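*Asks:* need a structure here:
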Amino acid sequence: MPEWAAYLILFGAGLVAGTLNVIAGGGSLLTLPVLIFLGLPATVANGTNRVAILAQNIGAVWSFNRHRVIEWRWVPLAAIPALLGAVVGTWAAIRIGDATFQRVLAGIMVAVVVWTIWDPLGKREPAEGELRPAHRIGYALAFFLVGVYGGFVQAGVGFLILAVTTLIGLDLVRGNALKVLIVLIFTPIALAIFALNGKVDWGLGLALAAGNFVGGQAGVHLSVLKGHRWIKRVVLVTVIAFAIKLWVG
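*Replies:* Have a look, this model is predicted:
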């Protein structure tokens, strides 16, 4: 395949994935198989995908902040544990074989389907005032586990973050805004670890990143314009579609 064709395919995949990632999640379940199809080993595809995730979330955070929908008060509770978890998850990801990683990727949607059936997306009242210490510990642990997962594979981490932000009491517009900020905070360290271990193809990563950046901007616009109920429908459809795709192969 000509190099320009690979770049064009990655830009298109990134465009779709970036939009999905900002609105709901799961875009990496599209881009990882595309990177593997283009000849990258699974662990290199995992690292290369982080270039696009970084570009996507830089743009998305900037856009959400312009719309003033980022709940900054939750950032210390969410971002610090997620960052620590991402270091653990990324360390694990670079030490497993490609075949093992592909099996893990194929099994990820089982948990996502359970999450969909449980459906934590019913809108809750936002938590007001100071949280009880036990609640703060529980939420911090949840974000640490989100970071471990995000550092390890990234694919589907948006669904997990939305589940936690919904439990906090954020609607899906503000949940998405906090989600992209958390991912932006832990992605640079994950990318750096992958790069230092030779697990990043920068050319393909930058082509994918261009598509993800544009798609991310579209995702922010749709999130703010359409609101909570529309996002909930997109999340549920996306989860079910990716689950079916992975089950049938």
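*Asks:* I'd like the distance from the helix or strand in which residue 163 is found to the chain centre, please.
*Replies:* Using DSSP states H and E, residue 163 sits within helix 157-168. A distance of 11 Å separates the centroid of the chain from that of helix 157-168, by C-alpha atoms, centre = their mean, to the nearest Å.
*Asks:* point out the other helices and strands that the helix or strand harbouring residue 84 packs with.
*Replies:* Assigned by DSSP H and E, residue 84 belongs to helix 75-93. With contacts defined as 3 or more C-beta pairs under 8 Å, 6 or more residues apart in numbering; DSSP states H and E, the packing partners of helix 75-93 are helix 133-152, helix 172-196. C-betas here are computed from N, CA, C, even on glycine.
*Asks:* poorly predicted segments of the chain, please.
*Replies:* In the predicted model of the chain, residues 97-134, 225-249 satisfy pLDDT under 70.
*Asks:* how far away is residue 64 from residue 170?
*Replies:* According to C-beta to C-beta, to the nearest Å, residue 64 and residue 170 sit 12 Å apart.
*Asks:* not counting sequence-adjacent ones, nearest residue to residue 9?
*Replies:* residue 34 (6.6 Å; C-beta to C-beta, 6 or more residues apart in numbering).
*Asks:* buried set for the helix or strand hosting that neighbour?
*Replies:* For residue 34, the host element (DSSP H and E) is helix 28-37. Neighbour counts using 16 or more other C-beta atoms under 10 Å place 28, 29, 30, 31, 32, 33, 34, 35, 36 of helix 28-37 among the buried residues.
*Asks:* out of these, who's nearest residue 151?
*Replies:* residue 28 (12.8 Å; C-beta to C-beta).
*Asks:* can you classify the residue nearest to that closest one when sequence neighbours are not counted by secondary structure?
*Replies:* Excluding the flanking residues, the one nearest residue 28 by C-beta to C-beta, 6+ apart is residue 155, at 3.7 Å. Of the three states, residue 155 takes coil under DSSP: H, G, I helix; E, B strand; the rest coil.
*Asks:* residue 155 and residue 33 touch, don't they?
*Replies:* No: in terms of C-beta atoms under 8 Å, residue 155 does not count as a neighbour of residue 33; the distance is 9.6 Å.
*Asks:* the residue nearest to residue 28: how many residues sit nearby?
*Replies:* 28 (other C-beta atoms under 10 Å).
*Asks:* for residue 21, see how far away it is.
*Replies:* 10 Å.
*Asks:* for residue 7, see how far away residue 138 is.
*Replies:* When residue 138 is compared with residue 7 (using C-beta to C-beta), they lie 44 Å apart.
*Asks:* tell me which of the two has more neighbours.
*Replies:* residue 7 (18 against 14).
*Asks:* how about the residue nearest to that one when sequence neighbours are not counted, what does it touch?
*Replies:* In space, and not counting its chain neighbours, residue 7 is closest to residue 207: 4.0 Å by C-beta to C-beta, 6+ apart. Residue 207 makes contact with 6, 7, 10, 11, 14, according to C-beta atoms under 8 Å, 6 or more residues apart in numbering.
*Asks:* re earlier: out of the buried residues of helix 28-37, the closest to residue 47 would be?
*Replies:* Closest to residue 47, out of all of these and judged by C-beta to C-beta, is residue 35, at 9.7 Å.
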